[in-house]
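Student: Task: produce atomic coordinates for the following.
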Amino acid sequence: MIPPGATIGILGGGQLGRMLILSGRPLGYRFHVFDPKGPSTAGRVADDEVNAPYTDTDALGEFARSVDLVTLEFENIPAEAIETLSAIRPVLPGWKALYTCQHRQREKDFLREGGFPCAPFAYADSAESLADAAQNVGFPCVVKTAAFGYDGKGQVKLEPIDAGRDFATLWEQLGAPPRVVVEKWIQHAGEFSVVCARRDDGSTQTFPMAENIHRDHILHASILPARTPQSVDKEAARIAKELAQALDIVGLLAVEYFLDTDGSLLVNEMAPRPHNSGHYSIEACHTSQFEQHIRAVSGLPFGSTHLLRPTVMMNLLGDLWANGEPDWQPLLEDPEAKLHLYDKGEARPGRKMGHFTIAGDAPELALAAATDHFARLERHTLPTKQG
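Tutor: Numbering: from 1, shown residues only. Next up is the predicted model:
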């Protein structure tokens, strides 16, 4: 066990790291952040921040020696950096989870070999093999770069009309990547996610399943509890626990699902860290996903993940800052609302600047209230009439 009072190192300086720090402070932990760019939003609330490339082995070594364990808020860390750190301190969630989840091909192979449900897929490493893979999987399908893809980045959907298109041009548009994954497009009944915590003794605990709504491939809202039969929630939790065990993870594993029209769940993606769709837990659960991650990597007992009230979380993207700082007053005056801003500075379209949660007596009531608040914020971004 890493006791309270110890220092935890975090790789990555984004909002997930920031919320890990803010949730770990009451437990008595200190935090150091390593981020190539700085000062970062996590670094601003940390005890110390190191700004150096992940290729700087001297900086990595000094960072590792200044902490008692290393965890992360961003999984796409170079393998060489993880090896350097692991020679000095434990790096969690563990190498197997990181290696698998960093690369879509390895992730898909892991799911298929483990017998976990997922959409049909194939691989391609050239324009010619992409055309063959799309034909084999069938249209419509989704082409995804094998590495460094999130929030819809590195993805393109192909419709039946695209069967005769110029795949050489498409390949160039994708950046001529070393490899892509071609997945069958699922006409799903909904998108859901479960965050699962696992300790090094093999014990696991899941958070309630979130029902997710996306806009332009970026998470827009999470609804709790999910409006599905309880059997679906239980199955999602079971699969997430089995995945966490198979990956030997220590920390959090977020599992995203499609709910097929026949009622079955298909694993879409995994992330070995806190997840955007788990932000609701800060207010809605007795223990947040961020505190649970700190507990899991430190060897502390799990906290309760019981859902206290129906809740909706909505993301706040930089688009809302188009006409300056949004008017937060209505949100701040709502006793059922909680606003979280990430102190990121420059607001850009698509950049996650914050989120808010709304509690209610039923998920539909919370969703209606959250939708009203978001619509009010969106109206602030509309251009004003001149003259």
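Student: give the contact list for His373.
Tutor: Counting by C-beta atoms under 8 Å, 6 or more residues apart in numbering, His373 makes contact with Met314, Pro330, Leu331, Asp334, Ala337, Phe356, Ile358. Where C-beta positions appear, they are placed from N, C-alpha and C, glycine not excepted.
Student: run the last query once more with 6 Å
Tutor: His373 makes contact with Leu331 under the criterion C-beta atoms under 6 Å, 6 or more residues apart in numbering.
Student: List the contacts of the residue lying closest to Ala226 once chain neighbours are set aside.
Tutor: Closest residue to Ala226 apart from its sequence neighbours, by C-beta to C-beta, 6 or more residues apart in numbering: Glu211 at 3.8 Å. Under the criterion of C-beta under 6 Å, 6+ apart, the neighbours of Glu211 are Phe192, Ile223, Ala226, Arg227.
Student: Please repeat the previous calculation with a cut-off of 7 Å.
Tutor: Gly190, Phe192, Ser222, Ile223, Ala226, Arg227 (C-beta atoms under 7 Å, 6 or more residues apart in numbering).
Student: how about these in TSV, adding distance to Gly303?
Tutor: Converted to TSV, the contacts of Glu211 look like this (distance: C-beta to C-beta, whole Å):
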residue	distance to Gly303
Gly190	28
Phe192	23
Ser222	20
Ile223	23
Ala226	21
Arg227	26
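Student: so of those residues, which ones are in helices?
Tutor: Among the contacts of Glu211, none falls in helices (DSSP state H).
Student: can I get these in a markdown table with neighbour count?
Tutor: What follows is those, written out as a markdown table (neighbours: other C-beta atoms under 10 Å):
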| residue | neighbour count |
| --- | --- |
| Gly190 | 17 |
| Phe192 | 25 |
| Ser222 | 29 |
| Ile223 | 24 |
| Ala226 | 22 |
| Arg227 | 12 |
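Student: Looking at those, which are in strands?
Tutor: Applying DSSP state E to the contacts of Glu211, the entries found in strands are Gly190, Phe192, Ser222, Ile223.
Student: if I look at the third one, how far off is Asn212?
Tutor: Here the distance between Ser222 and Asn212 works out to 5 Å (C-beta to C-beta, to the nearest Å).
Student: overlap in contacts of those two?
Tutor: Residues touching both Ser222 and Asn212 (C-beta under 7 Å, 6+ apart) are Ser277.
Student: The spatially most central residue of the chain and Gln292, how far apart?
Tutor: Closest residue to the average C-alpha location of the chain: His275 at 3.4 Å, with C-alpha atoms, centre = their mean. Distance from His275 to Gln292, counting by C-beta to C-beta: 12 Å.
Student: just Phe207 next, same as before
Tutor: 8 Å.
Student: Tell me how many other residues crowd Ala362.
Tutor: Neighbour count of Ala362, defined by other C-beta atoms under 10 Å: 12.
Student: so who does it touch?
Tutor: Counting by C-beta under 7 Å, 6+ apart, Ala362 touches Pro310.
Student: mind redoing it with 10 Å?
Tutor: Going by C-beta atoms under 10 Å, 6 or more residues apart in numbering, Ala362 touches Pro225, Arg227, Arg309, Pro310, Ala368.
Student: My guess is the fourth one contacts Ala368. True?
Tutor: No. With contacts defined as C-beta atoms under 10 Å, Pro310 does not count as touching Ala368, sitting 11.4 Å away.
Student: More neighbours: which of the two?
Tutor: Between Pro310 and Ala368, counted using other C-beta under 10 Å, the more crowded position is Pro310 (20 against 14).
Student: For the nearest residue to that one once chain neighbours are set aside, give me the pLDDT.
Tutor: Excluding the flanking residues, the one nearest Pro310 by C-beta to C-beta, 6+ apart is Pro363, at 4.5 Å. Looking at Pro363, its pLDDT is 98.
Student: Parallel or antiparallel, list what pairs with the helix or strand where the residue nearest to Ala226 lies.
Tutor: Assignment of secondary structure by DSSP states H and E places Glu211 within strand 210-215. Here strand 210-215 is paired, per DSSP bridges, with strand 190-198 (antiparallel), strand 218-224 (antiparallel).
Student: how about the shortest one: buried residues?
Tutor: Which is strand 218-224. Buried residues in strand 218-224, defined by neighbour count with 16 or more other C-beta atoms under 10 Å: Ile218, Leu219, Ala221, Ser222, Ile223, Leu224.
Student: residues contacting the fifth one?
Tutor: Meaning Ile223. 190, 192, 210-213, 277, 280, 310-314, 363-364, 366-367, 370.
Student: Ok, the third one next?
Tutor: Counting by C-beta under 10 Å, 6+ apart, Ala221 touches 210-215, 277, 280, 312-315, 355, 358, 367, 370-371, 374.
Student: Same question for the helix or strand where Ala369 lies: list its buried residues.
Tutor: According to DSSP H and E, Ala369 maps onto helix 363-380. For helix 363-380, burial by neighbour count (16+ other C-beta under 10 Å) applies to Pro363, Ala366, Leu367, Ala369, Ala370, His373, Phe374, Leu377.
Student: now do stretch 259-276
Tutor: Residues 259-260, 265-276 are the ones in stretch 259-276 that count as buried (16+ other C-beta under 10 Å).
Student: Confirm for me that Lys352 is in contact with Met313.
Tutor: No. Lys352 sits out of contact with Met313 when judged by C-beta under 10 Å, with a separation of 11.9 Å.
Student: any residues in contact with both of the two?
Tutor: Shared contacts of Lys352 and Met313, counting by C-beta under 10 Å, 6+ apart, come down to Leu219, Asn276.
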